[in-house]
Each structure stands twice: as C-alpha cells, then as structure tokens.
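*Asks:* Sequence first, then the predicted structure:
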Amino acid sequence: MKRVGILVGREVTFPESIIKSINEKGEGKIVAEMVKVGGIKMDDPKKYDLVIDRISHEVPYYRATLKQMALQGTYIVNNPFWWSADDKFFNFSLANKIGVAIPKTVLLPQHSYIKDITSESLRNLEFPIDWQDVVNYVGFPAFLKPHDGGGWKNVSKINSLEELWTEYNQSDKLCMTLQEGIEYDQFVRCYCVGQEKVLIMPYDPSKPYLSGMQYVNVDDYLSPELHARVEKDVITICKALGYDLNTVEFAIKDGIPYAIDFMNPAPDAELASVGEQNHNWIVDSMTDFVIKKLSSEPAQSEYRWSAMLNPAQEVKKTAKKAATSEKKTQNKKAGTEK
C-alpha cells in the first residue's frame, strides 16, 4: 500500500476533496491523509511515498521537514529544494531565454537592510540607482512587486517616476522588481499538472483576490491559435522549472500572451475562490497524477545525493545511457556507410 500525505495551511475544501478523491480512486492500494509531524529526528524513516505541499513556503519548519522526507525517498510536490531557491526574477529571465513573451522587467536593490548590513557591506552596489535608465527600459504603466512574492501582496501600479520613488521608499527590506505593465485585452490563469495537463481559465485580476469573482467561465474565450500557444507556453515554463503543480498567468495584448506570473507552486484551489468547475478539474487532475506516479516505478526525484544512496540503481542508469549512446553511434555509422 502506498501512502500520500497532504500538508496544508488554512484552506479547507481542496485538501478534503483531494484526500477523498485519492482514497476512492486508489482502491485501497493508495491512501491519502493529512500529514502529522512533531519533532523530526534526522534518521526518521519514510512514512509517505508522496506528499503534496501547500504551505511550506510560509512555515520554515515544514520546508525543512519536507527536505528530510525527500532524503528518505518521499516524492514531494513540489520539489522543496528548487522551491527554496526559485524566485520570480529568475523565472522571467529564464522564460525570456526559452522563447516565452515576458514584459520588460528590472531587478532593484533593496531599499533597506537588516541592522548588521552597513555601507561597507554594499560597496559593490551602484548608488544612486540610474532611475531614468530603469524607467526608459520598462516604461509606464509598470508594476512594482517583490521578486519572490505571491498572492498579489505588496504589488503597486506605477504611472510616474514620482510614484515609483514613493512606493519603492516604502518597500523596506523586500527585494523588488519593476515590470512593464501590459494593458491587456484578455487575461487568463492556467493550472498545469504533471508538466503536461493544462486548464486555461479566463481571469479578472481587478477583482479582489480570493473573492470568488476573479474566475469567469466563458466559452471559446481564446481563439484556437491563441489557446494552443498559451497551452504550449504553460508546458514549456513548467517543464523548465520542474513544477508538478503550478499556475501561469498571461496578460494578452494584440494577440501576444505575456507571461507575468508563474511561480505559484501551491496555487489557490479552494471551491469558493476558483469555482466548482475549476476546483473539480484540479482535484481530478492531481488525483490522476498521484495515482500514475505511484503506480509506475518508484516515485523519486533526482537529487545530487541519489547516486550515493542508491549506487546499484545509478549503475543501471549509467549502463542504460551507455547502451543508448552506443546504439546511436552504430546507427550513425550505418547511415554513413550507406
């Protein structure tokens, strides 16, 4: 029997629904429950085969616990090591390099620092910032937002250099980005599960966050061509970042989908917020992902230490790669001889 743990915060309906769905479809071979943890010993054995993480980004103890679970062989959705290292400015830079449309974005130094940081600590920092160069590149309107934030927290719309200074001066110790504001014709938020299944949802970011009014069910909201491009970009982004569960937001202007936010490894899935149709889709899709993952070969992410802990398995992988490489070489030689 395989065990699945759900690690949650304040949400209610998603954990209840996913546990019920996995237990029904798992038919006793795969069972799901809420994770319970206390004092974690460094050599505690594996308790769960897979854990769905919904809260560790806000609770450091949970994040450290998940890393220990990963060491013991638990598959974590999403990878706690990469999630810890990830940030939105890197995301924008990466997506731009792999061909996804991204609004012009600038990373800004923090306005304030912890007490032990002095002027000597910041000798590599250009001062003052060339603000005119920044705004010439990004333009107005723009959005000032944290480089690793979420939930539309600490986000300000900027229409002038004076507004930028005012908001930046209030950002305290947050590291901020300034991003070109896309005056969109359409806006969508997309679930992505397993780096392959995508649900494109018409979305109104002007409505209050988590209000239940942001998600709008509209048939044929995007043209077939635009739908295909958005779906392709979502999968491209999630494969590049390695997230098994994520949402990607696009502001669409003149037929071009600009990806403006896609570091959401614990996306909102509450019934009252996303609506019944979207809620059911994410529950069903995550259930299918979990069952597929646990029904095939052992579910385990690739980590640097994997080869040291499982040398026999690593030898098999190396041999397989060598055989594949040899076969390709032979095929190439055969083609040349012809």
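*Replies:* Noted; the coordinates are in hand.

*Asks:* Pull out the buried residues from stretch 184-196.
*Replies:* Tyr184, Gln186, Phe187, Val188, Arg189, Cys190, Tyr191, Cys192, Val193, Gly194, Gln195 (16 or more other C-beta atoms under 10 Å). Yep, even glycine has a C-beta here, placed from its N, CA and C like the rest.

*Asks:* Tell me the secondary structure at the closest residue to the first one other than its chain neighbours.
*Replies:* So that's Tyr184. Computed as C-beta to C-beta, 6 or more residues apart in numbering, the closest residue to Tyr184 that is not its neighbour in sequence is Ala251, at 3.9 Å. Recorded secondary structure, Ala251: strand (DSSP: H, G, I helix; E, B strand; the rest coil).

*Asks:* is Ala251 in a bridge, and if so with what?
*Replies:* Note on Ala251: beta-bridge partners by DSSP bridges are Phe187, Tyr258.

*Asks:* Touching, Met69 and Lys46? I think so.
*Replies:* Yes: Met69 is within contact range of Lys46, at 7.2 Å (criterion: C-beta atoms under 8 Å).

*Asks:* neighbour count winner among those two?
*Replies:* Set Met69 next to Lys46 and count neighbours by other C-beta atoms under 10 Å: Met69 wins out with 25 against 12.

*Asks:* That one - that's part of a helix, no?
*Replies:* Yes: applying three-state DSSP, one finds Met69 inside a helix.

*Asks:* Name all residues that make contact with it.
*Replies:* Residues in contact with Met69 (C-beta atoms under 8 Å, 6 or more residues apart in numbering) are Lys46, Lys47, Tyr48, Val51, Ile76.

*Asks:* just Asn91 next, same as before
*Replies:* Ile237, Leu241, Phe262, Met263.

*Asks:* Distance check, it against Phe262.
*Replies:* 6 Å (C-beta to C-beta, to the nearest Å).

*Asks:* Find the residues that touch each one of the two.
*Replies:* Ile237, Leu241.

*Asks:* residue ranges of the helices in this protein, please?
*Replies:* Assigned by DSSP state H, the chain shows helices spanning 13-26, 60-71, 80-85, 88-97, 131-138, 161-168, 224-241, 271-274, 276-295, 306-309, 311-337.

*Asks:* Quick one: those helices as a markdown table, columns for mean pLDDT and distance to Gly38 too.
*Replies:* Putting these into a markdown table (pLDDT from 0 to 100; distance: least, C-beta to C-beta, whole Å) gives the following:
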| stretch | mean pLDDT | distance to Gly38 |
| --- | --- | --- |
| helix 13-26 | 98 | 19 |
| helix 60-71 | 96 | 10 |
| helix 80-85 | 92 | 19 |
| helix 88-97 | 96 | 33 |
| helix 131-138 | 97 | 48 |
| helix 161-168 | 97 | 42 |
| helix 224-241 | 97 | 32 |
| helix 271-274 | 95 | 30 |
| helix 276-295 | 97 | 25 |
| helix 306-309 | 66 | 25 |
| helix 311-337 | 58 | 32 |
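
*Asks:* And those: which comes nearest Asn217?
*Replies:* The minimum distance between Asn217 and the helices of the chain falls on helix 276-295, with 6.3 Å, by C-beta to C-beta.

*Asks:* Next, the angle from that closest one to helix 13-26.
*Replies:* Here helix 276-295 runs at an angle of 50 degrees relative to helix 13-26 (axes from the mean of the first three to the mean of the last three C-alpha atoms, to 10 degrees).

*Asks:* And for helix 276-295, what's in contact with it?
*Replies:* Contacts for helix 276-295 (C-beta under 8 Å, 6+ apart): 2, 4, 13-14, 17-18, 21-22, 25-26, 29-30, 32, 49-50, 52, 75, 191, 193-194, 197, 199, 201, 215, 217, 244-245, 267, 269-271, 274, 299.

*Asks:* what's the spacing between Gln214 and Arg54?
*Replies:* Distance from Gln214 to Arg54, by C-beta to C-beta: 19 Å.

*Asks:* before we move on, what about Asp220?
*Replies:* 32 Å.

*Asks:* the more surrounded of those two?
*Replies:* Neighbour tally, Asp220 and Arg54, criterion other C-beta under 10 Å: the higher count belongs to Arg54, 23 against 7.

*Asks:* I figured that one hits Ile18, correct?
*Replies:* No: between Arg54 and Ile18 no contact is recorded; they are 9.6 Å apart, counting by C-beta under 8 Å.

*Asks:* can you list residues touching both of these two?
*Replies:* Ile6.

*Asks:* quick one on the thing from earlier: show the contacting residues for the residue nearest to Tyr184.
*Replies:* With contact taken as C-beta under 8 Å, 6+ apart, Ala251 is in contact with Pro103, Ile182, Tyr184, Phe187, Pro257, Tyr258, Ile260.

*Asks:* State the distance from the fourth one to Asp220.
*Replies:* Taking C-beta to C-beta as the measure, Phe187 falls 16 Å from Asp220.

*Asks:* Mind checking which of the contacts of Met69 are buried?
*Replies:* Burial by neighbour count, judged by 16+ other C-beta under 10 Å, picks out Tyr48, Val51, Ile76 from these.

*Asks:* Before I go, just wanted to say thanks for your time.
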